[in-house]
Each structure stands twice: as structure tokens, then as C-alpha cells.
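Chemist: with the input below, show me the fold.
(chains A and B)
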There are 2 protein chains.
Amino acid sequence: MTAYLLTIGDEILIGQITDTNSAWMAQQLNLQGIRIAGKASVGDVHEEIVESVRYALSKADLVLMTGGLGATKDDITKKALADYFNVPMVFHDETYERMVGFFKKINRTVSEMNKNGCFMPQNAVILNNDRGLAPAMWFDTEGGKSLVSMPGVPHEMQHLMRKHVLPRLREHFPMSPIVHRTLLTSGEGETMLAEKLSNFEDALPDNVKLAYLPSLGTVRLRLTARGNNEAALHEQLDELKVELEKIVGYAVAGYDEDTMPIVIGRMLVERGLKLGVAESCTGGYLSHLLTTVSGCSTYFEGSTVVYSYELKEKLLDVSKTMLDTEGAVSENCVREMVTGTLDRLGVDVAVAVSGIAGPLGGTPDKPVGTVWIAVGNRVEMITYKISLDRGRLKNIEYAANTALNLLRKFLLHNIKATEKA
Amino acid sequence: MTAYLLTIGDEILIGQITDTNSAWMAQQLNLQGIRIAGKASVGDVHEEIVESVRYALSKADLVLMTGGLGATKDDITKKALADYFNVPMVFHDETYERMVGFFKKINRTVSEMNKNGCFMPQNAVILNNDRGLAPAMWFDTEGGKSLVSMPGVPHEMQHLMRKHVLPRLREHFPMSPIVHRTLLTSGEGETMLAEKLSNFEDALPDNVKLAYLPSLGTVRLRLTARGNNEAALHEQLDELKVELEKIVGYAVAGYDEDTMPIVIGRMLVERGLKLGVAESCTGGYLSHLLTTVSGCSTYFEGSTVVYSYELKEKLLDVSKTMLDTEGAVSENCVREMVTGTLDRLGVDVAVAVSGIAGPLGGTPDKPVGTVWIAVGNRVEMITYKISLDRGRLKNIEYAANTALNLLRKFLLHNIKATEKA
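Modeler: Alright, predicted model coming up:
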């Protein structure tokens, strides 16, 4: 089964917004075993929408559209679809009632323009939107294909996909079961993992595929199995997952929707440890990543961003003599930053980063991209050096992600608090 | 003149990467006065690439393609283009020599696979790539249209666009002059600005357009003028820009490629001031934004991320009594955080943020989204309160951006150091 994605809107074509909807939809369809034949964007122009709908339906069994349903701009997408299907627009009472209810809540009345937004192509199945005013519309074509039109606001579209579109898809297009297992890995590049997994991949049964989904500092490994018996597929993947984990070893950090900050948070909570951070070149980005997790105050105490020599001394007792002789980008500096963080912030474990993010500040023996990282507690400490320039922002991101992985490895070798008892 | 954008690659269709290239290309073409007729993505499949090239050339005068030129995967895009144009592939000596030179630098030799990557469609004009192995290719069609194929790596594509493609476009498609002026504004929403500028917009001459480009906390205003006499257009826009600035007033923060951290850095340097930061709910994100600017160590001393009550007391001398009675999310708390930062970090000006990013931690009188911000020096202090929940990550981003604008406003009212002397 194949799908084609269509995003509608002038704001996409002038580059004012980056289309993130189609990547999200592609991922969701992919998980259902649906291949994306292609995707396209067109502006808010009637005949271009009609033409692109015709083209999309010629290329795939299913077309998902987003955008052009807003109440403030002309409802061009709906009219274009009505014209494509050669049906009239009819007033949809339930959408109007929901609209009245919504406006009542915010003490406003429905304007004439809003009311006009309740006209829908006659052949549309209306899928209610709990997050906004414009519902989604499902159309079945005479040729046995389907087309779905959704609002372009990402969280509304995602809600409609989860609540209505994906379940309906499973009903309309009965597909053989598809089952996934996802592992989050960190610390090894895609090529390194692929080499290790070469024999494993060659030996995979025909109904199972392994996908590599890399991003900066992490690679997700996704096993996908298809077949007729869902229970058997789960059993098959659970066994392969164990095998995969054995080969990849310590690089496996988490599963499914885990991120590195979530994994680390869980480890700290399990061990009953408080974390402190000291940042120089990463300038707060490592702390930002750690605090993307709701509830992180349970284990995250805080950080210092000691950008200047003076602050390294003042806030973390880094020694002036060491700074003068070895510099701030040195193994001893991050070691002293860890010690200073343990002492001054009163935490159980600390991570420190110092380097040259660039493009300014490099020297022949410490070129841009040189970054030192240390993680330690009152008993042990480990350090790591990065030596590759990826450009300022990527250097910052990569250093922060590498620090997260070094922290994870350090915690791995520390027994859980619960196991101590 | 119109253009069509084509991005090639399975990784786009499975949603593994978000296509940011086409938004960037759209912006660049838009600045040149070129309208984007549409854009599409197809997978690494020969006949689909050929078909989409045919379709794209039927829709626009210019087609820009990215992707499918990698050396490690089959060079499907090049073969597809050679087949579309019905020309043979020929070995390109200069590309090979550049490749040999590149590998020599990293002490490696050119593999047979890399060497195969030097075959190009015979009718391609080769545009050298200084940032990677695969050059861009420019094709002129018999119908007077042009097609450009570039690598998909964003920084390589951007370099090739700036160095070769945009200058060549100006030669090949002489267009009437188009001139822009961009103002960065902060602190007022799009709707508020549009109301203020309503009369100004109505009175604009026919050859001038005003565009609103909003993002979280800032709105860029772009004036675009078209005509025959470029010097006259510059003069016209300079006058309109002065008028626009008078209406928008203090919300104007900068110009052209300025970002808020760049603007603030410039103001701090001009005034000879050192900045310190204290963050609670923003968790390091504000410091991260400030340190995205290369050379920021001139004016940015550092920060504390005081997530816990204990650290607010330990690192910034925030009073325990105040915390117990008023809480960490209070005007007095951010005031004390500013004072503590001035004292402990020894800086001239400080900014502090404390709030509830959520989704946990809200109370009836302090719901999720409540954020207090303060900016001050040893003489004066200003504060600001945010009361709207946008979801955890957006709350963090919005609070950090609002803090930047409050800092900018504070600095505006402080005389430049040079003017003091």
C-alpha cells in the first residue's frame, strides 16, 4: 500500500515555515507499513490544488493533505476538493454547534466568516477536531482510494491522525500485522554499528528489516517484522531484540520514545542521586537538554555556566595556576570543574565541559572543535576528549550529547541505590 | 519568473529527516523576486526522478534539485538526468583532480567507488563544490529553461547557491531590480504590529510590499520594492524604513540578519558592560541563546542555573525566608537573583528568570506558564511577568526570548559608555 502527502499553503512556498508535518506523517505511515510514494506542496491556488489532488491520487492508494482549512483565510482547499469530486458544499450542523460551544467558552459569538467555515463538500465524512475549529475530512473515491484533508497546525493534525485517521486506515485497508522494536543507542556512529551488526543483518529472516535512524550523537535501531500472526511476530522480535542488544552492548541506552535526558533522569532517580553541571563552551545547552524533561527537579540541582576564567575560579575554585599553565580547555580544567561542582553545589555526581566552539579562539595545539568532558563523584572520575570541528552550533550540540553519553556510562558502573540497600 | 523545487531521497519520504533545504531555497529565490510554483520530494528511484523532472520543468522556468548525489549510494540523480536529457555520462577530470587533492589531505586514496562519482551527464555545466566531493550541475533546456542539481547536505547546498547558482541566475534571467529592507522587532505580536501599521500599509506605493515574518518572541518586517531604477528603489525604501521605524518605535531591535543575541551583544560591547545570567525554569536555554554568538566571551561572563531552592540560596544568596513565604516564582525571587548575580559573578548587568515550565508544578494562583523575569544593575531594576501556558518547551523558549527583549529595553535606557566619556 502506498500514500502521497500534499501540503497546501503559500507560507510553505515562500519558505516562511518549514514543513514538519510531512515528516511526522511519513513516520506514522511507515510504522503502519505504508510506503510514501512522494510528497508535494502547492500554494493557496484553486486550480493548482485540484491538479495536485488528481496527480497524487494517480500515484498512490491514499492521499493525506494538510493546510488551507483556516477560518481566517478563504477555505480554498475545501472548495477545490468539492470541485474535484464534483459535489456541492453543504452546511454541517455539528461543526457549527461545536463552534458555537467553543466561542461560548471564551465569551465570544460566532462571526459570519466563522459560520461560512461550516460548509463542507457533500461527500466528506467529517472527523471532529477536539483541538481546533476546522475538522478533518475523509473522502472515498470511486476507484477504491481514500483522501484525507486535515488542518495544517501540527498539534491539531497529530491529534486527528491519532484519534481518527490511523484507526480508520486500519479498518479501510486491512493490512497484515506489522510489529516494531526500537532501541536508542549512543556513543557509536551508524557505520560502526552497521559493521558490528553486519552478520546479524545478513541472518535476519525475510519478514524482518533493520533500520538505522541517526541523529547527532545517537542512532535509533528499529526492527520491523511483518507476517500474519501478530503474537508470533512479537515473540520473534523479542528474541531478535535480545540478540541485537548482546551485539551492541553498552551502546544501548533506551527504548521506544526514550531520549538521552529521559534515560539519564531515570538512572539518577533509580540510584537516588542528585546531578550538577558545569559548562564552558556548551554555554548552557547541556543544562537545557537535561531540563527538557518534565519533573527533572527531582534529580537535577543546577549548573554553572563558567564562560570566563574568573568565573571558573570564583564559582568552582578552579586553580589560577592550572588555568595559566594548561588553559581552560584541558583535562585538568574539566576535572577541577567537576570537583568544584561536587563541593559548591553539594551534588552526588557532576559533569563538566570545556572546549573551543569556534569559529574564533582556536590555536595550533588546540584547534576549534577541541572539547574536554569529565564526569565524576567523590570517588571516581572519567574524562573524554573530542577533536573534530563541525561548526559552532554543531560543536555545541555534539559536545552536549557526548557529555550525556559519558554521564550515562559513568552511572552504568555505579550500583543502583536500591541494590545497595 | 517561477521556480519549482525538487528534493530527492528515501530518507525524506520515510520521515527520517525534515527537509529544511526547500524552505531555505524558497527564501533565497523569494528575495530575488522569483515565485515558487510548487515543490515535491521523490525517493531514490530512477523513473520517479525522471518523471518528476519532466513535471517540474513543465510547471516553472527554473528547477532546483537537491539530493541523490552522494558518493556512497548509487548516483541515481545523475543517471536519471542524463537519461532525461538523452546524453551519455562522461568522466570529469577536474572533479577527479579535486577529489584526489581532498583525499590526499586526509592521507587517503580515491576508491574505485569515489572515482565512479566523477562521471557527469555530458551537457552539465559543473559548478565546483568547495565544501564536499559532489559538485553541482547546471543544465539549460532547449525551451530556454534551467535546471540545477545540488548535493543535499545543507551547508554544501547553501555554499553552492551563494557562490554559483544565485549569481548565474541573475546573469541568465535578467530581472527587474528588487530591493529589500528588513527590520527585526521584538516585544509586539504580529497582530499588534499590523494594527499600528495599517495606515502605513494602505499608503504604500504599488511597487512596495510589506511582509510579516513572525517567530517566537520576534517579528521580522520586510519591505520589498520592485522597479527599473535600482538607485531610486534604495532611496524609496530608505525613506519608508525611516517612516516605519517611527511607527514601530522601540520594538525595532535590529536589521537584516540580526538575531536578538547579536543585537544584545552589540549593545553590551558599545556600553562596555559585562553580563551575567541566573536561570531557573529556562534551565540554561537563555544562556545557550546568548552563547550562539561567536566572540560572546567579550561581554558574557557566565550564568548559574539554580533549579533547586538550595542552589538559589547557595549560589545567589536568595533569602530562605522570602522563598518560604513568596516562593521561587515571584517578583522578589527574580529581583534577589539579579542582585545575587551582580554580587557573586561580579558583572555590570544581570538578567534572571524563574517560572513554572510545566506540565507539572502548577498551582491555582501560579498556574503552569507563569514566569517572572528581572533585569538590573546596581542602580535600577525592571521586572516582567508572563502568564500563558504554551507547553513546556515553548514556555522555555518564550521566556528566554522575552528575557532577551527585557534586557534589550533595559540597555536602551542606559547611556553608552563611549557617550559617558
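Chemist: for chain A, which helix is longest?
Modeler: helix A:392-412 (DSSP state H).
Chemist: now for that one, which elements pack on it?
Modeler: On a contact count with 3 or more Cβ pairs under 8 Å, 6 or more residues apart in numbering or on different chains; DSSP states H and E, helix A:392-412 meets strand A:178-186, helix A:260-271, helix A:285-290, strand A:349-355, strand A:370-376, strand A:381-387. Glycine gets a C-beta too; all of them are placed from N, C-alpha and C.
Chemist: contacting residues for A:T95?
Modeler: A:117-118, A:120, A:126, A:128, A:135 (Cβ atoms under 8 Å, 6 or more residues apart in numbering or on different chains).
Chemist: A:E190: how many residues sit nearby?
Modeler: 13 (other Cβ atoms under 10 Å in any protein chain shown).
Chemist: now A:N114: how far from chain B?
Modeler: 17 Å (Cβ to the nearest Cβ, to the nearest Å).
Chemist: would you agree that residue falls within a helix?
Modeler: Yes. Assigned with DSSP: H, G, I helix; E, B strand; the rest coil, A:N114 falls within a helix.
Chemist: correct me, but it touches A:R98?
Modeler: No. With contacts counted by Cβ atoms under 8 Å, A:N114 stays clear of A:R98, the gap being 11.3 Å.
Chemist: domain map for chain A?
Modeler: As recorded under automatic domain parsing, the domains making up chain A are A:2-172, A:178-255, A:260-420.
Chemist: quick check: mean pLDDT of the first one?
Modeler: In other words, domain A:2-172. If you average the pLDDT over domain A:2-172, you get 90.
Chemist: first-to-last residue distance for that domain?
Modeler: With Cα to Cα, to the nearest Å as the measure, domain A:2-172 spans 14 Å from end to end.
Chemist: off-centre distance for that domain?
Modeler: 23 Å (Cα atoms, centre = their mean, to the nearest Å).
Chemist: again with the shortest one
Modeler: Chain-centre distance of domain A:178-255: 19 Å, with Cα atoms, centre = their mean.
Chemist: make a ChimeraX selection of the buried ones in the contacts of A:T95.
Modeler: Selection of buried members from those for ChimeraX, criterion 16 or more other Cβ atoms under 10 Å in any protein chain shown:
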select /A:117,118,120,135
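Chemist: okay if I get the contacts of A:T95 as CSV plus secondary structure?
Modeler: Below are the contacts of A:T95 laid out as CSV (three-state DSSP):
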residue, secondary structure
A:G117, coil
A:C118, coil
A:M120, strand
A:I126, strand
A:N128, coil
A:P135, coil
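Chemist: which SSE is the residue of chain A positioned farthest from its centre in?
Modeler: The centre of chain A is farthest from one residue, A:T321, which by Cα atoms, centre = their mean lies 43.9 Å away. Per DSSP states H and E, A:T321 falls inside helix A:320-326.
Chemist: check whether that helix comes near chain B.
Modeler: No. Figure legend: helix A:320-326 not in contact with chain B (Cβ under 8 Å from any Cβ of the partner chain); closest approach 14.1 Å.
Chemist: contacts for that helix?
Modeler: Taking Cβ under 8 Å, 6+ apart as the rule, helix A:320-326 contacts A:309, A:312-313, A:330, A:332-333, A:336.
Chemist: now, among those, which is nearest to chain B?
Modeler: The shortest approach to chain B among those belongs to A:K312, at 8.5 Å (Cβ to the nearest Cβ).
Chemist: list the residues that contact A:T224.
Modeler: Contacts of A:T224 (Cβ under 8 Å, 6+ apart): A:33, A:178-180, A:208-211.
Chemist: how close does it sit to A:N405?
Modeler: 26 Å (Cβ to Cβ, to the nearest Å).
Chemist: cool, A:V269 as well?
Modeler: Counting by Cβ to Cβ, the gap from A:V269 to A:N405 is 19 Å.
Chemist: hang on, the earlier thing: quick one: the helices and strands packed on helix A:392-412 as TSV, columns for mean neighbour count too.
Modeler: Shown next, in TSV, are the helices and strands packed on helix A:392-412 (neighbours: other Cβ atoms under 10 Å in any protein chain shown):
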stretch	mean neighbour count
strand A:178-186	20
helix A:260-271	19
helix A:285-290	28
strand A:349-355	28
strand A:370-376	25
strand A:381-387	15
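Chemist: what's the closest of those to chain B?
Modeler: So among the helices and strands packed on helix A:392-412, helix A:285-290 is nearest, using Cβ to the nearest Cβ, at 3.0 Å.
Chemist: that older thread, could you dump the contacts of helix A:320-326 into TSV with secondary structure added?
Modeler: Putting the contacts of helix A:320-326 into TSV (three-state DSSP) gives the following:
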residue	secondary structure
A:Y309	helix
A:K312	helix
A:E313	helix
A:S330	coil
A:N332	helix
A:C333	helix
A:E336	helix
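Chemist: could you look up the SS state of A:I49?
Modeler: helix.
Chemist: of the helices and strands packed on helix A:392-412, which is nearest A:G362?
Modeler: When the helices and strands packed on helix A:392-412 are compared by Cβ to Cβ, strand A:370-376 sits nearest A:G362, at 7.8 Å.
Chemist: partners of that closest one, with directions?
Modeler: The sheet places strand A:370-376 alongside strand A:349-355 (antiparallel), strand A:381-387 (antiparallel), with pairing taken from DSSP bridges.
Chemist: mind checking those strands for the one nearest to B:A3?
Modeler: For B:A3, the closest of these is strand A:381-387, at 40.0 Å, according to Cβ to Cβ.
Chemist: what sits up against the closest one?
Modeler: By Cβ under 8 Å, 6+ apart, strand A:381-387 touches A:331, A:334-335, A:338, A:355, A:367, A:369-376, A:398-399, A:402, A:406, A:409-410.
Chemist: ok, 7 Å please
Modeler: Strand A:381-387 has contacts (Cβ atoms under 7 Å, 6 or more residues apart in numbering or on different chains) with A:331, A:334-335, A:338, A:355, A:369-376, A:398-399, A:402, A:406, A:410.
Chemist: can you dump the C-alpha coordinates of it into PDB?
Modeler: C-alpha atoms of strand A:381-387 as PDB (Å, rounded to 0.1, in the frame of the first residue of the first chain):
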ATOM      1  CA  MET A 381      36.200  10.400  37.600                       C
ATOM      2  CA  ILE A 382      36.300   9.600  33.800                       C
ATOM      3  CA  THR A 383      37.200  12.000  31.000                       C
ATOM      4  CA  TYR A 384      36.800  12.200  27.300                       C
ATOM      5  CA  LYS A 385      38.300  14.400  24.500                       C
ATOM      6  CA  ILE A 386      36.600  15.400  21.200                       C
ATOM      7  CA  SER A 387      38.800  16.600  18.400                       C
END
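Chemist: what's the angle from it to helix A:392-412?
Modeler: Comparing the axes of strand A:381-387 and helix A:392-412 via axes from the mean of the first three to the mean of the last three Cα atoms, to 10 degrees yields an angle of 150 degrees.
Chemist: what mean pLDDT does strand A:381-387 get?
Modeler: On average, strand A:381-387 scores 95.
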